[in-house]
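Chemist: after the sequence you'll find the predicted model.
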Amino acid sequence: MKFENQMQLKFDSLSINESFARSAVAAFCAQLNPTLDEITDIKTAVSEAVTNCVVHAYPKHLGEIEVWVGLNAQTVTIKVKDWGVGINDIEQAREPFFTTKQSDERAGMGFTVMESFMDTVSVKCEKNQGVEVVMTKKLHGKKTAVCGG
């Protein structure tokens, strides 16, 4: 699919970078003139996806997280990817309250939150090769022109 505009970020899997990713994606999506509720939904979903990478992907070392955003008409597509340990059972991981980190008092609601705030959420995973979460959201804010170079 061809996108009207896109951006890509790569950063270390540090929890402090979660707010950076959330803010950067929100700022990039602002050109589509989303409603406040839509931008809040996007920020929340990005926060959950990046936090999953920080908490689960690299349990013993620092790793890299990539966030890619594509804009097409009034649809936002967001990919959050890591190259960490992967997910053993994606269906189980997507169940509400499932967590592999009970000792850290994790709620296990990351995928549930992403699914409730975005129109679609898909997960691709290979053991020890990382996870890619792809989320889309159709915006209903007023369409504005995307500037070309």
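Modeler: Arrived safely, thanks for sending.
Chemist: Asn33: how many residues sit nearby?
Modeler: Using other Cβ atoms under 10 Å, Asn33 is surrounded by 15 other residues. Placement of C-beta: from N, CA and C, glycine included.
Chemist: ignore what I typed, I meant Ala24.
Modeler: Taking other Cβ under 10 Å as the neighbour definition, Ala24 ends up with a count of 17.
Chemist: got a pLDDT number for it?
Modeler: Per-residue confidence (pLDDT) for Ala24: 98.
Chemist: check Val85 too.
Modeler: On the pLDDT scale, Val85 is placed at 89.
Chemist: same question for Gly130.
Modeler: Listed pLDDT for Gly130 reads 93.
Chemist: pretty sure it is touching Lys81, no?
Modeler: Yes. Assessed by Cβ atoms under 8 Å, Gly130 is found in contact with Lys81 at 6.4 Å.
Chemist: give the next helix or strand downstream of the helix or strand of the chain with the lowest mean pLDDT.
Modeler: Sorted by mean pLDDT, DSSP states H and E, the helices and strands of the chain end with helix 90-93, the least confident at a mean of 58. Using DSSP states H and E, the next helix or strand after helix 90-93 towards the C-terminus is helix 110-117.
Chemist: same for the following helix or strand past that next one, what does it pack against?
Modeler: Remark: after helix 110-117, the chain's next helix or strand is strand 120-126, criterion DSSP H and E. Where contact means 3 or more Cβ pairs under 8 Å, 6 or more residues apart in numbering; DSSP states H and E, strand 120-126 is packed against helix 90-93, helix 110-117, strand 130-138.
Chemist: please work out the average pLDDT along the second one.
Modeler: Confidence over helix 110-117, taken as the mean pLDDT, stands at 80.
Chemist: so which residues make contact with that helix?
Modeler: The set of residues external to helix 110-117 that reach it, using Cβ atoms under 8 Å, 6 or more residues apart in numbering, is 41-42, 44-45, 48-49, 51-52, 93-94, 96, 121, 123, 133, 135, 137.
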